[in-house]
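Undergrad: sharing a model prediction with you, sequence too.
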Amino acid sequence: MLTLVRGRADRLRNLMRGLSRQTVHPREMVIAWMQPEPAPDLPDPGCPVRHLHVPGEPMPLAAARNRAAAAAAGATLVFLDVDCIPGAGLVAAYARAAAETDGLFLGEVLYLPPGAHDAADLDRLGRAHPARPPVPESGIRPEPDSGQLWGLSFALPARAWRAVGGMDEAYAGYGGEETDLAARLAASGLPTFWVAGARAYHQHHPVHVPPLQHFAPILANAARFRARHGRWCMTYWLGQFRDAGLIAWDEEAASIRLLRPPTDLEIAASLRPDALFS
């Protein structure tokens, strides 16, 4: 189990308590801290815990995942976002899928309202993201679009990660590095699957709609992805930026033309404390 952390110690503690309730415990937990010191008073997740320090600004998301993957001892890498509480069957479901075939495995994530983190309430309060397809009722189901990978919850063979070189650390700041990884894994011949039972619950935090606070890195990372793969990623957000009059762009374009950056007032106005989804 691999997790990246900067701040959010309360979220991490809830994640670790969720790990302690697993029907099958992970071999270990690797925490990549993108801050100087680990948080204190962490609960026992029911498995050994390894701590890594990965400095960098902006947040070194790709580098932290690479460091965590390199340190992991298991044959299967399971990545879980610090905001997520694993359902009791998550580790077992990913393990069953990995025993059946090689693949990039995607698990269901339900989104929680503010303040929800008690185990008894997760299924009742969690809501599926409207843009995500339903997971199979049992087993695994092929997913033709590897771009369905989101970094909240996924698993894959460690050797497949190593074969493509892990995440591209040239993606700086927010956006694009996960879709780039998925595209390279697909090009290597690794299929993508949805996994029944690998459910996680996303703990609420305010979101920006659209994510104007990440405007510059999204543009830079989208352009990097386009140069490598010949197509755009993060098209939903690019469309929102276009509709706001910030960029000139469409999916057939070879580049993005900046019209103006968002103002501080626009960034503040895009914050939606009530929204479950970005």
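TA: Perfect, thanks for sending it.
Undergrad: in the chain, which helix has the most residues?
TA: Using DSSP state H to define each element, the chain has its longest helix at helix 215-229.
Undergrad: name the residues of that one that are buried.
TA: Using 16 or more other C-beta atoms under 10 Å as the test for burial, helix 215-229 gives Phe215, Pro217, Ile218, Leu219, Ala220, Asn221, Ala222, Arg224, Phe225, Arg226. (Each C-beta comes from the backbone N, C-alpha and C, glycine too.)
Undergrad: show me what that helix is packed against.
TA: Applying 3 or more C-beta pairs under 8 Å, 6 or more residues apart in numbering; DSSP states H and E, we find helix 215-229 packed against helix 177-187, helix 235-243.
Undergrad: so which of those is the most packed in?
TA: Among these, the stretch with the highest mean neighbour count (mean count of other C-beta atoms under 10 Å) is helix 177-187, at a mean of 21.
Undergrad: just the CA coordinates for that helix, please, in PDB.
TA: C-alpha atoms of helix 177-187 as PDB (Å, rounded to 0.1, in the frame of the first residue of the first chain):
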ATOM      1  CA  GLU A 177       1.200  12.600 -14.900                       C
ATOM      2  CA  GLU A 178      -1.400   9.800 -14.200                       C
ATOM      3  CA  THR A 179      -2.900   9.900 -17.700                       C
ATOM      4  CA  ASP A 180       0.600   9.900 -19.200                       C
ATOM      5  CA  LEU A 181       1.400   6.800 -17.100                       C
ATOM      6  CA  ALA A 182      -1.800   5.100 -18.200                       C
ATOM      7  CA  ALA A 183      -1.000   5.800 -21.900                       C
ATOM      8  CA  ARG A 184       2.500   4.400 -21.600                       C
ATOM      9  CA  LEU A 185       1.200   1.300 -19.800                       C
ATOM     10  CA  ALA A 186      -1.400   0.700 -22.500                       C
ATOM     11  CA  ALA A 187       1.300   1.200 -25.200                       C
END
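Undergrad: tell me which strands the following helix or strand past that helix pairs with, and in which orientation.
TA: Sequence order places strand 192-202 as the next helix or strand after helix 177-187, per DSSP states H and E. Counting by DSSP bridges, the strands paired with strand 192-202 are strand 84-86 (antiparallel), strand 104-111 (parallel), strand 140-142 (antiparallel).
Undergrad: could you pull up the mean pLDDT of strand 192-202?
TA: Per-residue pLDDT over strand 192-202 has a mean of 98.
Undergrad: and the angle for it with helix 177-187?
TA: Per axes from the mean of the first three to the mean of the last three C-alpha atoms, to 10 degrees, the angle that strand 192-202 makes with helix 177-187 is 160 degrees.
Undergrad: buried ones in strand 192-202, by neighbour count?
TA: Thr192, Phe193, Trp194, Val195, Ala196, Gly197, Ala198, Arg199, Ala200, Tyr201, His202.
Undergrad: I am finished for the moment; much appreciated.
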